[in-house]
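# Fold the stuff below for me.
(2 chains)
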Amino acid sequence: MKQRIEKLITNAALAAHHNGDLASSEIPDAEVEEPKAQAHGDFSTNIAMVMASSQKMPPRKIAGAIIDHLKDPDGIIAKTEIAGPGFINFFLEKSAWHPVLGKIHDANDRYGSSDIGKGRKIQVEFVSSNPTGPLHIGHGRGAAVGDTVANILSFCGYEVQREYYINDSGRQIRTLGQSVLLRYKQLHGHPIEFPDQCYQGAYIHEIAAEIKAQKGDILLSQPEDDAVLICARFAAEKILRGIREDLSFFGVEFDRWFSEQSLYDSGRVDTIINEFRNQGIIYEKEGALWFKTREFGDEKDRVVVTNDGRTTYFASDIAYHQDKYERGFQRVIDVWGADHHGYIPRMKAAIEACGHKRDQFDVILVQLVNLLRGGEPVAMSTRAGEFETLGDVVNEVGRDAARFIFLTRHHESALDFDLELAKQKTNDNPVYYVQYVHARISSIVRKAKERGKNNTAWDDTAIALLVAPEEIDLIKTLARYPEVIRSSAQTMEPHRITFYLMNLASVFHTYYNKHRVLVDDPRVRCGRLNLVLAVQKVIRNGLTLLNVSAPQEM
RNA sequence: GCGCCUGUAGCUCAGCCGGAUAGAGCAACGGACUUCUAAUCCGUAGGUCGCAGGUUCGAAUCCUGCCAGGCGUACCA
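From the prediction side, this is the model:
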């Protein structure tokens, strides 16, 4: 609808120019918004004010010229007015809104989808938690954001791939092996000293016990390095299995699990380091190899190989991201914890050094989650190994509530996640508020069938009877949905959909409390049934993007 | 020190590529169930948009400086 109005305005401005009413041919794209105040109409534009300087005319006069040339062949505009310093306000006929329902009816579960992605390949990499411990609630937020962004982009015509990068190489994996081996020795009655930097959690004990059950005391007689490696591999595999299970339980499925170690095994890391060396963007200093990220806008150069010959995490990350583009992705999106934001400039540098554009790489930063129970913070120290895992949380509050709550904030705002609140089935808890709409409408449809009053055959004359203010409000809200999806895709902000759904739910509940759907007049009933069915479709559509269920009853 | 993020109603947050009188939920208070699910709705009240300048016809929104909180600033990941 908004786009239609924009078109009418642009055409009118062009016509005004051809007629000599507007001097300059410089016609900016009309920007149309929905005014906050109802008195300002259904839509308004500031185009006359924007054009004032280039046209060298007072805004209100420009507005007048545009209105004079406005063509409205479909008769959707009831009234226009020039207001304030030069706004043009549009008041629409109620009948202008009715076709929206037809569109939803026809598009069904594709309503709101678009082709802005034009089939371009895009990759979303998210979670990518080290396999050194179970996922915690912060990873859950990253998972919800990444998964939903992927859904939205796919809905908007991108070819999306979801990927999880497994950091299965390097020091932290070795530390994991050492931690397990120590606990294993302890189980065999050896006195041990357990260093602070080792992983403290109870799961380390469990893994050690499993190894003991499978292998007995055989590791005790092996060289330390071998034993550590065996423990590391065993533990990482086991933990990764748990991570997959937790994610799957949370409704997240990846297209690919990409191993960091594979980049070393295939020699990719060495290759890129040599390439950069030949290009002169990697140099040696004090025994280490440095990548000139400064030349690409970073504040200082970064080490890729340490002076004792170990590659850094950054080195494999360069190879990894290069590989992504070689797989044909035009755009790459990484979802990171906000505490990694300092890493962005060097990653952008790497992207550019590999011959790609900086804006082909985006990072979505996700702020931390404070886990609370009844307002009291829950201890969450990974080092001490005291935490509730994502699995525990999802188990306790349910997948729907967890996913929805993660998306009730802008991803860069810190989020308080209260376990008690998340379980509450009241309107403190927005998930149920939205799901309730779906259930209520399902109930209406069931009742209609029971009473044999379920004729919903499309009938323009029945739709035309939807003229109550609450009905028009509802249709207007439904009309906004495609725009919300588009902006959500463009900004990669999934919370826009969550907010939209809460708003749609609110408008629906208001309508529900004021009007009855199953009235005696068959045509009014048919029109209203079609209206609520459209609401139900959009609610389901939006919840599906969030991967939250749309229940038939509650 | 430098960089990034945040600061909007008592609380939790939207709005931020400039628009008209700044929004929602919760909490508070007062109402609405013989009806299609009260997990709902209606009403009242609540604000120096951190502070100070600047740009503009117009600033919560853009720019500068300051204040407060968080994070980062490794030959860690």
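# For the closest residue to residue A:35 other than its chain neighbours, which residues count as its bridge partners?
Closest residue in space to residue A:35, ignoring its immediate chain neighbours: residue A:44 at 4.9 Å, by CB to CB, 6 or more residues apart in numbering. The way it works is simple: take the backbone N, C-alpha and C, and place the C-beta from them, glycine included. Residues in a beta bridge with residue A:44, per DSSP bridges, are residue A:33, residue A:89.
# Check for me that residue A:417 belongs to a helix.
No. When the secondary structure is assigned by DSSP: H, G, I helix; E, B strand; the rest coil, residue A:417 falls in strand instead of a helix.
# does it really touch residue A:370, like I thought?
Yes. Assessed by CB atoms under 8 Å, residue A:417 is found in contact with residue A:370 at 6.8 Å.
# more neighbours, the two?
Taking other CB atoms under 10 Å, residue A:417 and residue A:370 do not tie; residue A:417 has more neighbours (24 against 15).
# so how far is RNA strand B from that one?
Summarising the geometry, the distance separating residue A:417 from RNA strand B, computed by CB to the nearest atom of the strand, to the nearest Å, is 10 Å.
# Counting neighbours, what do you get for the residue nearest to residue A:35?
Neighbouring residues of residue A:44 were enumerated by other CB under 10 Å; the total is 22.
# residue contacts, it?
Taking CB atoms under 8 Å, 6 or more residues apart in numbering as the contact definition, residue A:44 lies against A:32, A:33, A:34, A:35, A:83, A:87, A:88, A:89, A:90.
# repeat that for 7 Å
Contacts of residue A:44 were listed using CB atoms under 7 Å, 6 or more residues apart in numbering, and they are A:33, A:35, A:87, A:88, A:89, A:90.
# which phi and psi does the third one have?
Summarising the backbone geometry of residue A:87 under the convention degrees, to the nearest 10, its torsions are phi -70, psi 150.
# measure residue A:49 to residue A:508 for me?
Here the criterion is CB to CB, to the nearest Å. By it, residue A:49 lies 36 Å from residue A:508.
# between those two, who's got more neighbours?
Relative neighbour count places residue A:508 above the other of residue A:49 and residue A:508, with 27 against 18, counting by other CB under 10 Å.
# And the helix or strand hosting that one, what's buried?
With elements delineated by DSSP states H and E, residue A:508 resides in helix A:495-514, which encompasses its position. Residues of helix A:495-514 classed as buried by neighbour count (16 or more other CB atoms under 10 Å): A:495-501, A:504-505, A:507-508, A:511-512.
# Mind putting those into JSON lines with pLDDT and distance to RNA strand B?
As requested, the buried residues of helix A:495-514 are arranged in JSON lines below (pLDDT from 0 to 100; distance: CB to the nearest atom of the strand, whole Å):
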{"residue": "A:495", "pLDDT": "92", "distance to RNA strand B": "7"}
{"residue": "A:496", "pLDDT": "92", "distance to RNA strand B": "6"}
{"residue": "A:497", "pLDDT": "94", "distance to RNA strand B": "11"}
{"residue": "A:498", "pLDDT": "93", "distance to RNA strand B": "9"}
{"residue": "A:499", "pLDDT": "92", "distance to RNA strand B": "5"}
{"residue": "A:500", "pLDDT": "94", "distance to RNA strand B": "9"}
{"residue": "A:501", "pLDDT": "94", "distance to RNA strand B": "12"}
{"residue": "A:504", "pLDDT": "94", "distance to RNA strand B": "11"}
{"residue": "A:505", "pLDDT": "94", "distance to RNA strand B": "7"}
{"residue": "A:507", "pLDDT": "93", "distance to RNA strand B": "8"}
{"residue": "A:508", "pLDDT": "95", "distance to RNA strand B": "8"}
{"residue": "A:511", "pLDDT": "94", "distance to RNA strand B": "8"}
{"residue": "A:512", "pLDDT": "94", "distance to RNA strand B": "5"}
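# Just name the closest of those to residue A:440, please.
Each of the buried residues of helix A:495-514 was scored against residue A:440 by CB to CB, and residue A:512 proved nearest at 6.5 Å.
# Around RNA strand B, pick out the residues from the stretch 101-250 of chain A.
Residues of the stretch 101-250 of chain A lying close to RNA strand B by CB under 7 Å from any atom of the strand are A:130, A:167, A:170, A:171, A:172.
# meant to ask about the stretch 251-400 of chain A, not that
For the stretch 251-400 of chain A, the contact set with RNA strand B under CB under 7 Å from any atom of the strand comprises A:285-288, A:299, A:303, A:306-308, A:310, A:312-314, A:338-343, A:367-368.
# Filter those residues down to the buried ones.
Applying the neighbour count, that is 16+ other CB under 10 Å, the buried entries in these are A:288, A:303, A:312, A:314, A:338, A:343, A:367.
# Kindly reformat the residues you listed as CSV containing distance to residue A:392 and secondary structure.
Listed next are these as CSV, based on distance: CB to CB, whole Å; DSSP: H, G, I helix; E, B strand; the rest coil:
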residue, distance to residue A:392, secondary structure
A:288, 42, strand
A:303, 38, strand
A:312, 33, coil
A:314, 33, helix
A:338, 23, helix
A:343, 29, helix
A:367, 21, coil
